[in-house]
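1. Structure for this input, please:
(one chain, ligands or ions: 1)
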Amino acid sequence: MSHSRLTHALDTGALVLPEGRIAVFAPPTGFDLSALEQARVEVVSRFYPDVAYWQGLGYRVLQEPEGHYAVALVVLPRAKDAARALLAEAAGCADLLVVDGQKTDGVDSILKAVKKIATPDHVLSKAHGKIFWLAAPALADWAAAPSDVDGFVTRPGVFSADGPDKGSRALLDDLPALSGHVVDLGAGWGYLSRAILKSDAVTALDLVEADLTALDCARENITDPRATFHWADATQFRPTAPANVVVCNPPFHTGRAGDPGLGRAFIRSAAAMLAPAGVFWMVANRHLPYEDTLAEHFREVETIGGTPGFKVIRAAKPHRARP
Ligand SMILES: C[S@@+](CC[C@H](N)C(=O)[O-])C[C@H]1O[C@@H](n2cnc3c(N)ncnc32)[C@H](O)[C@@H]1O
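-> Residues are numbered from 1 along each chain as shown. All right, here's what the predicted structure looks like:
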């Protein structure tokens, strides 16, 4: 395995870390932190599957930095506004700011933006990306600001932060008024949930979302007492009682790598949380191959309407979940 940029920077002596606590912001699952002394590291992550991963490895994991750190390492997310917001948060709580990012995640444009404010001590290019560091500059202007889109609060980096997703809109065009106990799987900032709750026949709605920032937006957007908010991994989540309906616009990538497997895991999980007469509604890009997984988990699967780009699927009669 080739050394990570961080390991390389430390091994070559280019980067010398001061004594003290190290906050690592948003390291994805599998990111190489082996060059850092674990006892000094606190992972700051708001994405549930990553939180579970780092906790599983024995790291202390927080959702926000606590106090002051000697070093803040930011693993760059792809969304530019989210990257800036993270840098602002990191620079605000540490002496030394280290930024590590892939070219494809926009490290060059962030470096350029940082250079307009301060001069990095060092920039190291390796493995299709860059790592650079500097005494933490004043980046408060980049701090996350909420937006209002169509009467919903969103924040930088959440899915479709600029307004309702086309696929989600297509789903709502075909979704009938629902009833009973409904689960919104991967609820984001609550676009589908607000529409689902327009039906008085809905008795309870579970919003399940891994991104805590998105879920916090949903809490602001949905004030209906029938709603319950779950910060959880949708592929593992199970409601307290079997659900009558699951509604879902599944993620098809985890932000960095393409992964249709994630959508399939959502389908499996939906089938497992439904009552025997339960119904699953989902929308997907027409080119995404979910049919086999749907057929494996539901006895009835039909495509209802949709748009040229999106298929809206209704699946019913889930097979009994295998133990
Ligand atoms: C395509 S978006 C749909 C969001 C929202 N339902 C909408 O219509 O705007 C999928 C959502 O799933 C979330 N997500 C991704 N992986 C997840 C996981 N393992 N568990 C729960 N939610 C996840 C993403 O953060 C994102 O908000």
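2. CA-only coordinates of stretch 44-55, as PDB, when you get a sec.
-> The C-alpha coordinates for stretch 44-55 follow below in PDB (Å, rounded to 0.1, in the frame of the first residue of the first chain):
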ATOM      1  CA  VAL A  44     -14.800  15.300  14.500                       C
ATOM      2  CA  SER A  45     -17.400  13.700  12.300                       C
ATOM      3  CA  ARG A  46     -21.100  14.200  11.800                       C
ATOM      4  CA  PHE A  47     -21.700  11.300   9.400                       C
ATOM      5  CA  TYR A  48     -23.000   8.300  11.300                       C
ATOM      6  CA  PRO A  49     -21.300   5.400   9.500                       C
ATOM      7  CA  ASP A  50     -17.900   7.200   9.800                       C
ATOM      8  CA  VAL A  51     -18.500   7.900  13.400                       C
ATOM      9  CA  ALA A  52     -19.300   4.200  14.000                       C
ATOM     10  CA  TYR A  53     -16.200   3.200  12.100                       C
ATOM     11  CA  TRP A  54     -13.800   5.400  14.000                       C
ATOM     12  CA  GLN A  55     -15.400   4.500  17.400                       C
END
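3. So which bits of that stretch are buried?
-> Counting neighbours by 16 or more other CB atoms under 10 Å, one finds that the buried residues in stretch 44-55 are 44, 45, 46, 47, 48, 49, 50, 51, 52, 53, 54. Yep, even glycine has a C-beta here, placed from its N, CA and C like the rest.
4. Now the phi/psi pair for the fifth one, please.
-> What it means is residue 48. Per-residue torsions, residue 48: phi -50, psi -50 (degrees, to the nearest 10).
5. Out of the buried residues of stretch 44-55, the closest to the ligand would be?
-> Taking CB to the nearest ligand atom as the measure, the ligand lies nearest residue 49 of the buried residues of stretch 44-55, at 5.1 Å.
6. what secondary structure does that closest one sit in?
-> The three-state label given to residue 49 by DSSP: H, G, I helix; E, B strand; the rest coil is helix.
7. Now for the closest residue to it other than its chain neighbours: which residues touch it?
-> In space, residue 49 comes closest to residue 233 once its chain neighbours are excluded; the distance is 5.1 Å by CB to CB, 6 or more residues apart in numbering. Neighbouring residues of residue 233 by CB atoms under 8 Å, 6 or more residues apart in numbering: 48, 49, 52, 210.
8. domains of the protein?
-> Listed by automatic domain parsing, the domain ranges of the chain are 5-141, 147-318.
9. Mind putting the ones you listed into JSON lines with mean pLDDT and distance to the ligand?
-> Formatted as JSON lines, the domains of the chain follow (pLDDT from 0 to 100; distance: least, CB to the nearest ligand atom, whole Å):
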{"stretch": "domain 5-141", "mean pLDDT": "97", "distance to the ligand": "5"}
{"stretch": "domain 147-318", "mean pLDDT": "95", "distance to the ligand": "3"}
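10. OK, contacts around residue 122?
-> Residues near residue 122 by CB under 8 Å, 6+ apart: 9, 14, 15, 132, 133.
11. now the fourth one, which residues is it bridged with?
-> According to DSSP bridges, residue 99, residue 123 are recorded as the beta-bridge partners of residue 132.
12. Tell me where the stretch 151-300 of the chain has strands.
-> 152-154, 180-185, 202-209, 227-231, 243-248, 274-285, 298-303 (DSSP state E, counting those that start in this stretch).
13. can you redo these as CSV with mean neighbour count?
-> Below are these laid out as CSV (neighbours: other CB atoms under 10 Å):
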stretch, mean neighbour count
strand 152-154, 21
strand 180-185, 26
strand 202-209, 23
strand 227-231, 18
strand 243-248, 25
strand 274-285, 21
strand 298-303, 15
